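K.L.:
mind folding the following:
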Amino acid sequence: MGKKIKIAIAGVGNCASALIQGAKYYTDNPHDTVGLTAYNLGGYEPKDIEVVAAFDVADTKVGKDISEAIYARPNNTITVADVPRTGIMVQRGPTKDGLGRHLSRIVTPSNEPEVNVKKILQDTGAEMLVNYLPVGSTEAVRYYASQALEAGIGFLNAIPVFIASEPKWQQMYADKKIPLAGDDVMSQLGATVVHKTLVKLFVDRGVLIDGTYQLNIGGDMDFYNMLDEERLEDKRISKTSAVKAMADYDIPMRIGPSDYVDFIDNEKICYINIEGKYFGKIPIKLDLKLKVIDAYNSAGIMIDAIRGLKIALDRKLYGPMTSISSYCFKHPPIQMPYTEAKKAFSEFVEGKREQ
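P.N.:
Residues are numbered from 1 along each chain as shown. Okay, here's the model as predicted:
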C-alpha cells in the first residue's frame, strides 16, 4: 500500500482551499479528530494526501504556489491552517465553459498559455484528479474527465456534471481499468443529506408527504456563478433526485440554489420545509434552518472520497465505485438512504464489499 495519495485538483476555489487546509490541520493535530468520520481510513490518514498538480484559469491563482493560491480572491472561506509553501504551482488549464456570465465579471482569465493537462498528470505521478470546477462547466468537466482517462488515473467529480452516473463514462473508465466516483459532492452535514434523511424518516414513520421545498443562499463564487440560471439544470436534477429517491411515490418538490448574498461570504444558509399528514390525516409541518461554512462541509466528505478512491486503486478496482459514490455524492450511479450508503462504504473500506 502506497504511503502517499497523490492528487491533482482542477479548480482552486474555496472547496480546494478547505480540503488542503483541513488536511494540514489534522496532520498538525492528530489527536483532534472532531469532524472526521475516521482519522485512519483503510490505512490512510489526512497527512497522506499530497497535492502534486493544480489547474485554474484565474489570474489571481495561476503561477502561484498552491499554498498561496488557496487564499487568493475571490476565495473567501475561513482559515483553519497556515499551509506552508509546497513548490506546486497552479497551472493554466483551459477555460472552455468554466466562466459563466456572472463569474466573468469577477474573474480575470490568466494570460499564461494553457498547459498539456494529460502530460502534467502523468509527469507528476498523480493517482487521481479531483474536479472542483464551477457548476455548469459541462464542457470543461468532460475535458478534465477525458484527460484523467487518457492519463490512466482515477477521477473524483465533486460537481453536478454527470460523469460517474453516466453509463457512457462508466464504460470508458471500466474499459481502461480505472476507478471513478461522483457526481456532485454531498456535504458532511449539508442541505441534501439532511433533507433526504428527513424525507426518509417521514416515509418510514407512515407520514404522507404532501410537498417539500429547499431554499439555499450563499455569498461565495459558487452561489454567484449560479445566478446564471442556465447553468443550473444538472444541479437541480442532482439535488432533487437524491431526495426524490427516498420515497416510493411522487412528492411535489422544489429544490435548488435560491440567491446570492455577497456579505455572508462562504456561509450557506438552507431552509427546508416538509408538509404532510399523519394518523387520522392530521397535518404536520416541519420548518428547518441550517447554517454552515460551505467549503468545509464539502471537505469533510471529500477527504473520505479521496481515501476511498485510493483504496480502489490499491485493489485494482475499476469503473464506477458505487459505495463511495452513494456515500459521498448527491447523484451517484445508485441512490441509497444515508444509513445504507454509510454501511456500504464502511464494508468497502473493510474489504467486505467489492465496489
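K.L.:
residue ranges of the strands in this protein, please?
P.N.:
5-10, 49-56, 90-92, 128-131, 154-157, 179-181, 208-218, 253-260, 267-278, 282-293, 319-320 (DSSP state E).
K.L.:
got the contact list for the first one?
P.N.:
It refers to strand 5-10. Contacts with strand 5-10, where a contact means C-beta atoms under 8 Å, 6 or more residues apart in numbering, come from 16, 44, 48-55, 66, 93, 120-121, 124-133, 144, 153, 306-307, 310. Bear in mind the C-beta positions are built from the backbone N, C-alpha and C, glycine included.
K.L.:
list buried members of the residues you listed by neighbour count.
P.N.:
Burial by neighbour count, judged by 16 or more other C-beta atoms under 10 Å, picks out 16, 44, 48-55, 66, 93, 120-121, 124, 126-133, 144, 153, 306-307, 310 from those.
K.L.:
surely F162 touches H331?
P.N.:
Yes: with contacts counted by C-beta atoms under 8 Å, F162 reaches H331, the gap being 6.5 Å.
K.L.:
neighbour count winner among those two?
P.N.:
Regarding F162 and H331, a neighbour count based on other C-beta atoms under 10 Å identifies H331 as having more, with 27 against 22.
K.L.:
quick check: the more buried one touching R236?
P.N.:
No: look at H331 against R236 with C-beta under 8 Å: they stay out of range, at 10.8 Å.
K.L.:
any regions of the chain where pLDDT drops low?
P.N.:
Counting by pLDDT under 70, the ranges of the chain that qualify are 1-2.
K.L.:
break down it into its helices, ranges please.
P.N.:
14-28, 66-69, 103-106, 117-124, 138-151, 167-175, 191-204, 221-225, 233-244, 294-314, 322-328, 338-349 (DSSP state H).
K.L.:
and for the last one, what's in contact with it?
P.N.:
Going back to what we said before, that points to helix 338-349. Contact partners of helix 338-349, identified using C-beta under 8 Å, 6+ apart, comprise 41-42, 193, 196-197, 200, 304, 308, 311, 321-324, 326-328, 336, 353-355.
K.L.:
now it: buried residues?
P.N.:
Buried residues in helix 338-349, counted by 16+ other C-beta under 10 Å: Y338, A341, K343, A344, F345, S346, F348, V349.
K.L.:
tilt between that helix and helix 191-204?
P.N.:
120 degrees (axes from the mean of the first three to the mean of the last three C-alpha atoms, to 10 degrees).
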